[in-house]
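In: Next come a sequence and a model predicted from it.
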Amino acid sequence: MHKLEKITEQIRQNFETRTAIRDEALKHARQLTRACSLAIRAVHRSEFETMEGFLVESHTLANRLRNDLKAHPDLYYAGYTQDALKEFVEANITCALIQNQALHTPEELGVEYATYLNGLAEVVGELRRRILDILRSGYSQEAERLLSQMDDIYSVLVTMDFPDAITNGLRRQTDIVRNLVEKTRGDVTFSLRGEDLTQAISRLSRQLNGNQVEVGERSGVPLRLNNEED
């Protein structure tokens, strides 16, 4: 029984150490998620200096999380850790694409491939949000550019036909991405048609006004415009 006590004491010490490391990792994961959320909010508001500050903070927290859990792969691959790193991917890629910058690689971000792809899938929702903000101010070529980025992401994700155990549930995320791309394409098309109609009406109005002036000059009768006072 003395040997059993030594065994259980060793186990207890191991559990206490791992619990302390887990608690610290949870704290850093929450901080990382918050920094990423604030970076995304800043880029949507075009507050790029603020965005950059939160991205720098996110890189620091992600590095700390990886280093702290290097000797504890079970904690590193736990859901809360990979979810936080997924948010890290989402924030960095969202900010890059909105600013028309180069895409980050998994190696540059220091994340697993499955985590990278799931974070990439989350980016599509943020790009849709950006496009809708643009369309509220009228149609813009920027909306088409971002829609093309969404389409490219979906085209890649749909080819990753592997078991969920390998991709961490990417198939469900891909289905969500497909729906978002289709809805956004409809919104952009509707806005483009509205813009074309507005321009056509404007051209017709200018043409009609020009014809009225020409008729008035030929007849020698002064042309009264609708906005002139009686």
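Out: Yes, it's here. Numbering: from 1, shown residues only.

In: burial measure for the closest residue to Ser140 other than its chain neighbours, as a count.
Out: Take Ser140 and drop its neighbours on the chain: the residue closest to it by C-beta to C-beta, 6 or more residues apart in numbering is Ile134, 5.1 Å away. The C-beta positions use only the backbone N, C-alpha and C, and glycine is treated the same way. Burial of Ile134 is recorded as 19 neighbouring residues (other C-beta atoms under 10 Å).

In: Break this structure down into its domains, please.
Out: 16-104, 112-214 (automatic domain parsing).

In: low-scoring pLDDT stretches of the chain, where are they?
Out: In the predicted model of the chain, residues 139, 193-230 satisfy pLDDT under 70.

In: hang on, the earlier thing: name all residues that make contact with the residue nearest to Ser140.
Out: Each residue near Ile134 by C-beta atoms under 8 Å, 6 or more residues apart in numbering is listed here: 140, 142-143, 146.

In: likewise Glu24?
Out: Contacts of Glu24 (C-beta under 8 Å, 6+ apart): Asp68.

In: ditto for Thr184
Out: 127-128, 131-132, 147, 150.

In: Save the residues you listed as CSV, and put in secondary structure too.
Out: Formatted as CSV, these follow (DSSP: H, G, I helix; E, B strand; the rest coil):
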residue, secondary structure
Leu127, helix
Arg128, helix
Ile131, helix
Leu132, helix
Leu147, helix
Met150, helix
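
In: hang on, Gly110 packs against Arg64?
Out: No: if you go by C-beta atoms under 8 Å, Gly110 and Arg64 don't touch, sitting 11.5 Å apart.

In: Counting neighbours, what do you get for Cys127?
Out: Careful, residue 127 is Leu; it's not Cys. There are 24 residues near Leu127, going by other C-beta under 10 Å.
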